[in-house]
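Student: Got a predicted structure here, sequence first:
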Amino acid sequence: MRVAERMRPGPPALDAGESLGHAGRLLARHRLGALPVVRRHALIGLLDAADLDRAHPSAATSLAIGEIAGRLDRVRVERVLRPDLAAVGRRTPLVDAIRLMRARHLAALPVVEGERLIGLLTEDDLLVLLAQLLDEPPAP
Amino acid sequence: MKIKTLLTRPAITTGPATRLHDARALMRRRGIRNLPVIEDGRLVGMLAERDIDRAETSSVPEIATHDWLAPLADLVVADVMARGPVALHPETPVAEAARLARERRVDAFAVVDSDEVAGVVTRSDLLAVLSGLLEPGDPAGLGHVLAATSLRPGARRALGEALRIAGAAGAAVTALHVLPAARRVAALEGATGEDVVRVERARRRVADEATAAAAGRAQDVRCEVAEGPVAREIARRAEELDSDLIVVGTETRRGVLGGLVEALADRLVRLAPCPVLAVPRSGARDAGR
């Protein structure tokens, strides 16, 4: 089975200049653990919920609850992006993509064609596949 | 298939009054990201590494500057753990766990048998089951990592990262440098003495780089030199070696795009039989850190 059979085509993406606040809202809206980050339509990174947790004000912050959202709305996504970037092609075997996601703790894996983002392989979609395969009656 | 088949080791747990510092040290030491929290023998919560990250100083300096004091100093597990975690019974079908993980957005389940915590099952464990179903008999982890190096100063970080990933996964590593000239490989018939010297010199440099990148860790790295169009040669070798991952250095952090080396990563993803990890020369972020 290839990546193309299980990826979400035309996935949502964040622009590098958008804010962390926006990123958090987009992750929640799409129920995703990670979002591809693009600059001029070219893939430059992957932002996950843990990146947002690391950027979040600490337990010892003097910021009032009401101030926190405003602060996160003023920080650009590209400032907390981790430098390394993993990607797969649409023809990559699914099993290789899963190995990489496990080794790197990636909640999603961008699928590219050249520099262009064409899809997203998500942990959730793989869990759906797992449930389907396990529920299938065994072959006669 | 039942959840109990995934419980391979005794549960590592913590208590609600444990200092967050200590809980984090335990996670790092054992290489785990989730700890069931036990009080009087019963499961009362789940502590994730992410809960600690959220309580810890912000990675953004202008937010971190609002901290009163070291944030974790006075915190205990109960302050940040998730209460009322989703627990599974050892007899729960794996398919049911997969559905629950998605619907309830759970990263790790505590597995509980008559009030006793029997272990933890993570999303990663569930994905390992999927690997096994897709390719029965194949190991669920990485078996071989191909580290392509340009031998330029900035490429060492990528090589180090490849060694680290392979080391953690118990995978074999091959470090490969491709001489970009479209000339015959020395091993082929008709190679001149000059070709042999050139290739041998490159191979020694690959070995030196691998030693430097390993930074003192004893790790067996196979070093190779090939000759030809760079992306095509790397992809061809990955195919032959049945690599599960190609790690390649990039000059900047424009991701897989930009100058010559980034264009290489772009072409690689297209040609490679496996995923490609692009590692920029500097781990620093663009700004702010």
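Tutor: Arrived safely, thanks for sending.
Student: Quick check: the residue most central in space within chain A vs B:Pro10, distance?
Tutor: Among the residues of chain A, A:Ala34 comes closest to the average C-alpha position under CA atoms, centre = their mean, at 2.2 Å. Distance, A:Ala34 to B:Pro10, by CB to CB, to the nearest Å: 31 Å. Glycine gets a C-beta too; all of them are placed from N, C-alpha and C.
Student: In contact with the residue nearest to the centre of chain A, which residues?
Tutor: When contacts are counted by CB atoms under 8 Å, 6 or more residues apart in numbering or on different chains, A:Ala34 is found next to A:Leu27, A:Leu46, A:Leu47, A:Asp48, A:Ala49, A:Leu106, A:Ala107, A:Ala108, A:Thr122.
Student: What about the first one, how many residues nearby?
Tutor: Translated: A:Leu27. 20 (other CB atoms under 10 Å in any protein chain shown).
Student: can you check the second one too?
Tutor: A:Leu46 is surrounded by 26 other residues when neighbours are defined as other CB under 10 Å.
Student: Name the SS class of it, please.
Tutor: The three-state label given to A:Leu46 by DSSP: H, G, I helix; E, B strand; the rest coil is strand.
Student: which stretches of chain A have low pLDDT?
Tutor: In the predicted model of chain A, residues A:137-140 satisfy pLDDT under 70.
Student: can you give me the strands for it?
Tutor: A:8-9, A:14-15, A:34-39, A:42-48, A:85-87, A:108-113, A:116-122 (DSSP state E).
Student: Which one of these lies nearest to B:Asp208?
Tutor: Between B:Asp208 and these, the tightest spacing by CB to CB is seen for strand A:85-87, at 26.9 Å.
Student: and for that closest one, what are the contacting residues?
Tutor: When contacts are taken as CB under 8 Å, 6+ apart, the neighbours of strand A:85-87 outside the stretch itself are A:43-46, A:100, A:104, A:106, A:109-112, B:255-256, B:269, B:275-278.
Student: List the strands paired with that strand, with their directions.
Tutor: Each strand that pairs with strand A:85-87, with its direction, by DSSP bridges: strand B:276-280 (antiparallel).
Student: chain center to the partner strand: distance?
Tutor: 12 Å (CA atoms, centre = their mean, to the nearest Å).
Student: near chain B at all, the helix of greatest length in chain A?
Tutor: Longest helix in chain A, counting residues (DSSP state H): helix A:123-135. Yes: in this structure, helix A:123-135 sits against chain B according to CB under 8 Å from any CB of the partner chain; the contacting residues are A:Glu123, A:Asp124, A:Leu126, A:Leu127, A:Val128, A:Leu129, A:Leu130, A:Ala131, A:Leu133, A:Leu134, A:Asp135.
Student: ok, of these, which come out buried?
Tutor: Buried positions within the residues of helix A:123-135 next to chain B, assessed by neighbour count (16 or more other CB atoms under 10 Å in any protein chain shown), are A:Glu123, A:Asp124, A:Leu126, A:Leu127, A:Leu129, A:Leu130, A:Ala131, A:Leu134.
Student: any idea how far the first one is from A:Leu117?
Tutor: Meaning A:Glu123. Taken as CB to CB, the span from A:Glu123 to A:Leu117 is 18 Å.
Student: For B:Pro84, give me its contacts.
Tutor: Small correction: residue B:84 is Gly, not Pro. Under the criterion of CB under 8 Å, 6+ apart, the contact partners of B:Gly84 comprise B:Gly45.
Student: likewise A:Asp15?
Tutor: In this structure, A:Asp15 makes contact with A:Val37, A:Val38, A:Arg39, A:Val77, judged by CB under 8 Å, 6+ apart.
Student: The same query, at a cut-off of 7 Å, please.
Tutor: A:Val38 (CB atoms under 7 Å, 6 or more residues apart in numbering or on different chains).
Student: before we move on, what about B:Glu56?
Tutor: Per CB under 7 Å, 6+ apart, neighbours of B:Glu56: A:Ser58, B:Pro71, B:Leu72.
Student: Could you dump these into TSV with neighbour count and distance to B:Thr65 added?
Tutor: Written out in TSV, the entries for the contacts of B:Glu56 read as follows (neighbours: other CB atoms under 10 Å in any protein chain shown; distance: CB to CB, whole Å):
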residue	neighbour count	distance to B:Thr65
A:Ser58	22	11
B:Pro71	21	13
B:Leu72	21	17
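Student: nearest to B:Pro85, of those residues?
Tutor: Of the contacts of B:Glu56, the one sitting nearest to B:Pro85 (CB to CB) turns out to be B:Leu72, at 21.4 Å.
Student: Give me the neighbour count for A:His30.
Tutor: Using other CB under 10 Å, the number of residues around A:His30 comes to 14.
Student: same check, this time on the one 3 residues further on
Tutor: A:Gly33 has 18 neighbouring residues, counting by other CB under 10 Å.
Student: ok, now A:Ala4?
Tutor: Burial of A:Ala4, expressed as a neighbour count using other CB under 10 Å, amounts to 17.
Student: Over to B:Leu271?
Tutor: The number of residues packed near B:Leu271 is 20, by other CB under 10 Å.
Student: Now that it has come up, it's in contact with B:Glu233, right?
Tutor: No: judged on CB atoms under 7 Å, B:Leu271 makes no contact with B:Glu233 at a distance of 9.8 Å.
Student: Just confirm B:Arg19 contacts B:Asp74, I think it does.
Tutor: No: using CB under 7 Å, B:Arg19 is not in contact with B:Asp74; the gap is 8.7 Å.
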